[in-house]
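Undergrad: got a structure for you, letters missing:
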């Protein structure tokens, strides 16, 4: 039997947001590989081996998955959200580029999912209803100065913005700097939304003007969405109109 | 019985990319509202009324859905992809803002889906694996000059980019202007991918350097993805590394 690797997006947390093809891939798999909390979302069954690994070992995990597939295993690498958005798909291709040439012949597929910003936007209303950008605020893999430049250019372009990994214990102060830049470039009345634990029972949504936003409103489980100049609230919803004059 | 409206994302075309909550909403609905080709994806059954409408009547369609919900119907507004990305969610909130104040009390939910750029990225590999932006290239709802500005700023920020509605019969030449700007700002060796009819049997994927891209490679059924300076090809895949120096 020939092996394969599928990198599958589990969505933001609610099992109702998993696609059928991802569900089917998990049912067909012999091995599940991924970061501990994502692997724990998979129900154990006979014939399925669960391989949990820690954060920040993405390349090792990808190599392990490719190596098992080369040996005939049917491997699903589980990602939260969508695997192509700040998740495991790029890490898999980095490992592929770095690995034995035979790996290029493997059956490799990426199965998309509902990424966190789209789930957050849906629960908030439609804040990403016009042109927008997605920025990972972690400087683990890029210089902080580049993040500052991107925030300024994105604001000047009038993009709504979604931020992944806005703040962590190891870099508690950078998000405050990001808020300063956004207030300078967008003005204090622009709306910012903090969507924590989206679709989970602990979900918490807060929308306020940028002038009132504080650093402690975000953590690693929060997706932050900043509107454009036209983003507004109607009842309990926040949305960005489709039209710009 | 009390009514509701759910704006649901059907994904890019393949039924395997529909989430379970969207499937369940359609099963519970009394009425389906949407653009003709999306409504035709829904299987008819007794007790379900299908309301097809033409393109460019989004606000009328949204008002119709809200009005039926106010009368006790259970209405699903179907969108392609994700309803919050250049689709029906913002139109629904525009209609809500414009409508009777009682509509604010309605049970309204947005059900996210796999938007076209994420499905296209998955089939290509992982071209959106680093910071990126999504731009609707149609100037129906915004000035073309603003689109040109956004293209330049996005390129200067080093974003990968996804373009929706790159070209139509009524505006055949603007996409050529967009390609010119991208070549000026990004250089000719940057990779551009054309993903037509993603996940459908007629799917067609092409990746080439910007210097070789031509206007006729895109139409309204194509999602266009432009990489950043580090986007590369490995075997049959195109991906953007997670790290930027």
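TA: Okay, I see it. This is a predicted model, so every value here is computed, not measured.

Undergrad: Run a quick neighbour tally on residue A:224.
TA: Neighbour count of residue A:224, defined by other Cβ atoms under 10 Å in any protein chain shown: 27. C-beta here means a position set from N, CA and C on the backbone, and glycine is covered the same way.

Undergrad: which residues touch residue A:92?
TA: A:5, A:7, A:62, A:65, A:66, A:77, A:108, B:126 (Cβ atoms under 8 Å, 6 or more residues apart in numbering or on different chains).

Undergrad: any idea of the pLDDT on the fifth one?
TA: What it means is residue A:66. Here the pLDDT value assigned to residue A:66 is 98.

Undergrad: Name the SS class of it, please.
TA: Under DSSP: H, G, I helix; E, B strand; the rest coil, residue A:66 falls in the helix class.

Undergrad: That one and chain B, how far apart?
TA: Distance, residue A:66 to chain B, using Cβ to the nearest Cβ, to the nearest Å: 12 Å.

Undergrad: The residue lying closest to residue A:231 once chain neighbours are set aside and residue A:130, how far apart?
TA: Once flanking residues are discounted, residue A:231 sits nearest to residue A:240: 4.5 Å by Cβ to Cβ, 6 or more residues apart in numbering or on different chains. Remark: distance between residue A:240 and residue A:130 (Cβ to Cβ, to the nearest Å) = 5 Å.

Undergrad: same question, residue A:221
TA: Residue A:221 is 26 Å from residue A:130, where distance means Cβ to Cβ.

Undergrad: So between those two, which is more surrounded?
TA: The neighbour comparison of residue A:221 against residue A:130 (other Cβ under 10 Å) goes to residue A:130, with 27 against 16.

Undergrad: which residues in chain A form strands?
TA: A:4-9, A:31-35, A:49-53, A:74-79, A:107-111, A:125-126, A:132-136, A:160-164, A:191-196, A:204-209, A:222-226, A:232-234, A:237-239 (DSSP state E).

Undergrad: looking at these, which is buried most?
TA: strand A:125-126 (a mean of 29; mean count of other Cβ atoms under 10 Å in any protein chain shown).

Undergrad: Strand partners (parallel or antiparallel) of that one?
TA: According to DSSP bridges, strand A:125-126 forms sheet pairs with strand A:237-239 (parallel).

Undergrad: which residues are contacting the partner strand?
TA: A:124-127, A:129, A:191, A:193, A:207, A:227, A:231-232, B:89-90, B:93-94, B:96, B:108.

Undergrad: what domains does the record give for chain A?
TA: Domain assignment for chain A by automatic domain parsing gives A:4-114, A:117-239.

Undergrad: Tell me which of those sits nearest to residue B:114.
TA: domain A:4-114 (4.8 Å; Cβ to Cβ).

Undergrad: how long is that closest one end to end?
TA: This stretch, domain A:4-114, spans 23 Å end to end (Cα to Cα, to the nearest Å).

Undergrad: could you redo the strands of chain A as TSV and give each row mean pLDDT and distance to residue B:52?
TA: Below are those laid out as TSV (pLDDT from 0 to 100; distance: least, Cβ to Cβ, whole Å):
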stretch	mean pLDDT	distance to residue B:52
strand A:4-9	98	31
strand A:31-35	98	42
strand A:49-53	97	46
strand A:74-79	98	36
strand A:107-111	98	30
strand A:125-126	98	23
strand A:132-136	98	29
strand A:160-164	98	31
strand A:191-196	98	34
strand A:204-209	98	34
strand A:222-226	98	32
strand A:232-234	98	27
strand A:237-239	98	25
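
Undergrad: can you put these in TSV and add distance to residue B:158?
TA: Conversion of the strands of chain A to TSV gives the following (distance: least, Cβ to Cβ, whole Å):
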stretch	distance to residue B:158
strand A:4-9	24
strand A:31-35	27
strand A:49-53	30
strand A:74-79	23
strand A:107-111	23
strand A:125-126	27
strand A:132-136	11
strand A:160-164	15
strand A:191-196	23
strand A:204-209	29
strand A:222-226	19
strand A:232-234	30
strand A:237-239	28
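
Undergrad: and residue B:182, which of the ones you listed is closest to it?
TA: Judging the strands of chain A by Cβ to Cβ, what sits closest to residue B:182 is strand A:132-136, at 16.1 Å.

Undergrad: And the helices in chain A?
TA: For chain A, the helices defined by DSSP state H cover A:20-28, A:36-39, A:58-70, A:88-98, A:116-124, A:144-156, A:174-186.

Undergrad: Looking at these, which one is packed in the most?
TA: Most buried of the helices of chain A by mean neighbour count (mean count of other Cβ under 10 Å) is helix A:116-124; its value is a mean of 28.

Undergrad: Tell me if that one is near chain B.
TA: Yes. Using Cβ under 8 Å from any Cβ of the partner chain, we find that helix A:116-124 touches chain B at A:118, A:119, A:121, A:122, A:123.

Undergrad: now for that helix, which elements pack on it?
TA: With contacts defined as 3 or more Cβ pairs under 8 Å, 6 or more residues apart in numbering or on different chains; DSSP states H and E, helix A:116-124 has these neighbours: strand A:160-164, strand A:191-196, strand A:204-209, strand A:222-226, strand B:107-111.

Undergrad: of these, which approaches residue B:38 most closely?
TA: Per Cβ to Cβ, nearest to residue B:38 of the helices and strands packed on helix A:116-124: strand B:107-111, 13.6 Å.

Undergrad: now that closest one against strand B:74-79, angle please.
TA: Going by axes from the mean of the first three to the mean of the last three Cα atoms, to 10 degrees, strand B:107-111 is angled at 30 degrees with respect to strand B:74-79.
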